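Undergrad: Quick one, what's the 3D model for this:
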Amino acid sequence: MLILLPGESEKAPTVPPKDSVAQPAPEELPPPPYSPPAPKAGPSSPGLPEPQRAFGSAFAPQAVQTVNHFELFSKHSPIAGTYLVDPLLPTPGFTAGGLRKLRKKGGRAWGKSACPNDIHASFRTRHAPINLDLAAVAESEGSSPSPASVKVPTCIVVSSRHGRINLNLFEIQPGRSIDLNVETRHGKIVLLLPPTYDGPLMFQTRYASSVTFLPEFAARTRTLRATDRETLVVCTAPSASGAPSMPTPSLETETGDRALVRTRHGRIIVGISGLDRIEDAAVNGNLFQKLGELFEVGGKLLGRYVEGHASALERKLTEKSAVLTRALDDMKAVAPDGRGASGNK
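TA: Below you'll find the predicted structure:
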């Protein structure tokens, strides 16, 4: 019996009816199976393509390199890249025996060499093109020049037998000068010099019409000597007023800029880096240009052409020899008196 005291506000709990059925307690559901978290989007996700990585090589590095007493030579692999040449950069274990031989031609052309012992960078191929971006820099420790110091020459050689050369010399830092030698036999040369270039240039070609000056370079140069196979000009950097200064050049200077560019059967295009465009070069469709472009194909393709025709000729001669052999065998089967089987009757 339930007794409620006066003043209590609580209510008595309700009693379920007799005919009601007690509901069982809800059963706990089993946990869901484990599933690993979704992978984040990245290079390994199957829905996204992996980024393409640029792989470099010794002949075409992807990174900019600072070098000294540096040499690259290849027969058939192209050479490309950006190199900062510092003539005072320490080079442990360097021997100049192989690089000294490359200075003979340049020394004979200028009367004497500004670098009798050292070549600071050499790029050479036989049957492959060369595409370079170069600069003469002063990045080594303790090589920062003073305003009154003598410029340190930076000697660079770029040559190919049957390949084209595209050379962009985009900077010569203070305290440095350039001594450049560019040469091909059957390849076209495109040379862009920095706006601060100040010195002579010598062009040696089979025909004087093979050299083309781009507009900005032509405005800074004047001709000193010209023959059918050699042209000597001087290029001066603009003065503070904007007009190019015209000092008297010295060909045998040991501290100024100078460049020797030569080719036998190719063309030469010269301009100022960052100012001239290669598209501005006048292209004349004359016979000598067509012959020059044909020679650029080089001895490699000519050798393949001759080899292919020689193989075809060899096959034809082999077939002819087989036919003659069968004919001689048939003649031997004939009677000695020259008559066949019907002549013996």
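Undergrad: tell me which element K320 is part of?
TA: For K320, the host element (DSSP states H and E) is helix 298-332.
Undergrad: Show me what that helix packs onto, helices and strands only.
TA: Using 3 or more Cβ pairs under 8 Å, 6 or more residues apart in numbering; DSSP states H and E as the contact test, no helix or strand touches helix 298-332. Glycine gets a C-beta too; all of them are placed from N, C-alpha and C.
Undergrad: Report how many residues lie close to L201.
TA: 24 (other Cβ atoms under 10 Å).
Undergrad: hey, what's it bridged with?
TA: Beta-bridge pairing of L201 under DSSP bridges involves V233, A259.
Undergrad: Next one: it relative to N181, how far apart?
TA: Distance, L201 to N181, using Cβ to Cβ, to the nearest Å: 11 Å.
Undergrad: what sits in contact with each of the two?
TA: Counting by Cβ atoms under 8 Å, 6 or more residues apart in numbering, the shared contacts of L201 and N181 are 259-260.
Undergrad: now the stretch 101-250 of the chain, which segments are flagged as low pLDDT?
TA: By pLDDT under 70, the low-scoring segments of the stretch 101-250 of the chain are 101-117, 141-149, 240-250.
Undergrad: Okay, helices next: where are they in it?
TA: In the stretch 101-250 of the chain, the segments counted as helices under DSSP state H, counting those that start in this stretch are 103-110, 215-219.
Undergrad: residue contacts, the residue nearest to L180 when sequence neighbours are not counted?
TA: Using Cβ to Cβ, 6 or more residues apart in numbering and skipping the chain neighbours, the partner closest in space to L180 is A259 (4.1 Å). Contact partners of A259, counting by Cβ under 8 Å, 6+ apart, are 178-182, 191, 193, 199-202.
Undergrad: Which members of those residues are classed as buried?
TA: Among the contacts of A259, those classed as buried by 16 or more other Cβ atoms under 10 Å are 178-182, 191, 193, 199-202.
Undergrad: Go through those residues and say which is closest to R126.
TA: Nearest to R126 among those is V182, at 16.1 Å by Cβ to Cβ.
Undergrad: Give me the phi and psi angles of H127.
TA: phi -130, psi 30 (degrees, to the nearest 10).
Undergrad: That one against H162, yeah?
TA: Yes - under the criterion of Cβ atoms under 8 Å, H127 makes contact with H162 at 4.8 Å.
Undergrad: ok, the two, which is more surrounded?
TA: Using other Cβ under 10 Å as the criterion, H127 and H162 rank with H162 on top: 23 against 19.
Undergrad: any idea how far P200 is from A138?
TA: With distances taken as Cβ to Cβ, P200 is found 23 Å from A138.
Undergrad: I should have written A327 there, sorry.
TA: Computed as Cβ to Cβ, the A327 to A138 distance reads 81 Å.
Undergrad: Neighbour count: those two, which is higher?
TA: Using other Cβ under 10 Å as the criterion, A327 and A138 rank with A138 on top: 21 against 10.
Undergrad: quick one: that one and R176 touch, right?
TA: Yes - using Cβ under 8 Å, A138 is in contact with R176, at 5.8 Å.
Undergrad: Name the surrounding residues that touch stretch 129-136.
TA: 78-87, 121, 123, 154, 156, 158, 160, 163-173, 176-178, 187, 194.
Undergrad: Would you write a ChimeraX line that selects the buried entries of those?
TA: The buried residues among the contacts of stretch 129-136 can be selected in ChimeraX (16+ other Cβ under 10 Å) with this line:
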select :78,79,80,81,83,84,85,86,87,121,123,154,156,158,160,163,164,165,166,167,168,169,171,172,173,176,177,178,187,194
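Undergrad: what sits against P195?
TA: 237-238, 272-275.
Undergrad: Among these, which ones are in strands?
TA: I272 (DSSP state E).
Undergrad: quick check, nearest of the contacts of P195 to V334?
TA: Proximity of those to V334 (Cβ to Cβ) peaks at S273, which lies at 82.7 Å.
Undergrad: nearest spatial neighbour of that closest one, skipping sequence neighbours?
TA: Distances taken as Cβ to Cβ, 6+ apart put L192 closest to S273, at 4.1 Å, once the chain neighbours are dropped.
Undergrad: Can you report how many residues lie near the one you found?
TA: Around L192 there are 23 residues (other Cβ under 10 Å).
Undergrad: same deal with the one 4 residues further on?
TA: Counted with other Cβ under 10 Å, residues neighbouring T196 total 14.
Undergrad: how near is it to T82?
TA: Distance, T196 to T82, by Cβ to Cβ: 18 Å.
Undergrad: repeat for Y197
TA: Distance, Y197 to T82, by Cβ to Cβ: 19 Å.
Undergrad: How about S273?
TA: Distance, S273 to T82, using Cβ to Cβ: 13 Å.
Undergrad: one step back: so which of the contacts of stretch 129-136 sit within strands?
TA: Those of the contacts of stretch 129-136 mapping onto strands are 79-85, 121, 123, 154, 156, 158, 160, 165-172, 176-178, per DSSP E.
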